[in-house]
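[1] no FASTA, just this:
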Ligand SMILES: [Zn+2]
């Protein structure tokens, strides 16, 4: 998996850079709960699902936060995260 760390600002068109991204779990009521790195698995299980089970149900979302270097505009994207497995969690410790 290759992830670019740079995107384009929707406000001024210059390059912005990612500040961070986190994994979130969508609960039954639709609320997104952050799963802090590197203990995503532990936090996910607090909500009653393993990461594998959550992925099977399409529940994990990736939230990415960024700040534009030029205009200072900040933003956030939320994308459904597919195929959560061990390759996404190199720091997972069980
Ligand atoms: Zn900008």
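    Received it, and whenever you're ready, just let me know what you need. Bear in mind the structure is a predicted one, so any value in this text is a computation, not a measurement.

[2] name the element residue 41 belongs to?
    helix 40-46 (DSSP states H and E).

[3] can you pull the buried residues of the helix or strand just after that helix?
    Using DSSP H and E, the helix or strand that follows helix 40-46 in sequence is helix 51-56. Buried positions in helix 51-56, judged by neighbour count with 16 or more other C-beta atoms under 10 Å: 51, 54, 55. Heads up, the C-betas are built off the backbone N, CA and C, glycines and all.

[4] any idea how far residue 42 is from the first one?
    Between residue 51 and residue 42 the computed distance is 10 Å (C-beta to C-beta, to the nearest Å).

[5] Likewise for the second one?
    The spacing between residue 54 and residue 42, counted by C-beta to C-beta, is 13 Å.

[6] Quick one: list the elements packing against the helix holding residue 41.
    Counting contacts by 3 or more C-beta pairs under 8 Å, 6 or more residues apart in numbering; DSSP states H and E, helix 40-46 packs against strand 15-26, strand 32-35, helix 51-56.

[7] Nearest to residue 72, out of the ones you listed?
    In this view, those are compared for proximity to residue 72 by C-beta to C-beta, and strand 15-26 is the closest at 9.8 Å.

[8] Output the below-cut-off pLDDT ranges for this protein.
    1-6, 18, 82-94 (pLDDT under 70).

[9] so what's the spatially most central residue of it closest to, chain neighbours aside?
    Centroid-nearest residue in the chain, with C-alpha atoms, centre = their mean: residue 62, separated by 2.3 Å. Nearest residue to residue 62, sequence neighbours excluded (C-beta to C-beta, 6 or more residues apart in numbering): residue 81, at 4.3 Å.

[10] number of nearby residues for the one you found?
    By other C-beta atoms under 10 Å, 19 other residues sit near residue 81.

[11] what sits against it?
    23, 55, 60, 61, 62, 88 (C-beta atoms under 8 Å, 6 or more residues apart in numbering).

[12] Quick check: the two most widely separated of these?
    Pairwise distances across the contacts of residue 81 peak at 12.8 Å for 61 and 88 (criterion: C-beta to C-beta).
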